[in-house]
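*Asks:* using only what follows, build the 3D model:
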Amino acid sequence: MLSRTALKTPIGSLYLISHEHLLLAAGFSNFKELTNQLDKEDRAQGISEVKRLPIITDLLEDYFAGDLKALDGVSVRQPGEKFSQSAWKAMRKVSPGKTISYGELAKRAGSADAVRAAGSACARNLIALVVPCHRIVKTGGALGNYAYGLDVKEWLLRHEGALK
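*Replies:* Take a look at the predicted model:
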């Protein structure tokens, strides 16, 4: 059985779905959108509403309280092709307060020519914030896109000290 909860944050509710201590989805949209993107086996388990996700909720609250490294303690799993998996791993290695370009993400994920695929991996990232696609920007520093709006991306980057 999966668990779900919504965490109140300074930028709106963060919807979370987990299996025990493994975060499967996080986003600022709604549960339906996140649930639809889970893999078939996870969706088949059913989801119960809980007040908090042990460990995960604490680490996310720590992040919003200023412990930017707290997200490193959250274990994640999401469905995706090999390149996307590599891109998501590379995103998790980008430190708070830093940004990299889509081109640099493609390189770190193992294929410097796969800039569009790197952008697609960001767009398909099911675990926003914890898999920090908000830290990926256009060459030259323009913010680029963000599924939950540029105002959210900008707030996160300011919170982390990447923007002044």
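*Asks:* give me the residue at the spatial middle of this protein.
*Replies:* Taking Cα atoms, centre = their mean as the criterion, residue 128 is the residue nearest the geometric centre of the chain, at 2.2 Å.
*Asks:* tell me where the protein has helices.
*Replies:* Here the chain has its helices, by DSSP state H, at 31-37, 40-44, 56-64, 82-92, 102-108, 115-124, 150-159.
*Asks:* kindly export the fourth one (C-alpha atoms) in PDB.
*Replies:* Listed next in PDB are the C-alpha coordinates belonging to helix 82-92 (Å, rounded to 0.1, in the frame of the first residue of the first chain):
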ATOM      1  CA  LYS A  82      18.000   4.600 -19.100                       C
ATOM      2  CA  PHE A  83      19.100   8.100 -20.100                       C
ATOM      3  CA  SER A  84      16.400   9.700 -17.900                       C
ATOM      4  CA  GLN A  85      17.600   7.600 -15.000                       C
ATOM      5  CA  SER A  86      21.100   8.900 -15.600                       C
ATOM      6  CA  ALA A  87      19.900  12.500 -15.900                       C
ATOM      7  CA  TRP A  88      17.900  12.200 -12.600                       C
ATOM      8  CA  LYS A  89      21.000  10.800 -10.800                       C
ATOM      9  CA  ALA A  90      23.100  13.700 -12.200                       C
ATOM     10  CA  MET A  91      20.500  16.200 -11.100                       C
ATOM     11  CA  ARG A  92      20.700  14.900  -7.500                       C
END
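*Asks:* thought residue 124 was touching residue 83?
*Replies:* No - applying Cβ atoms under 8 Å, one finds residue 124 not in contact with residue 83, separated by 10.8 Å. Placement of C-beta: from N, CA and C, glycine included.
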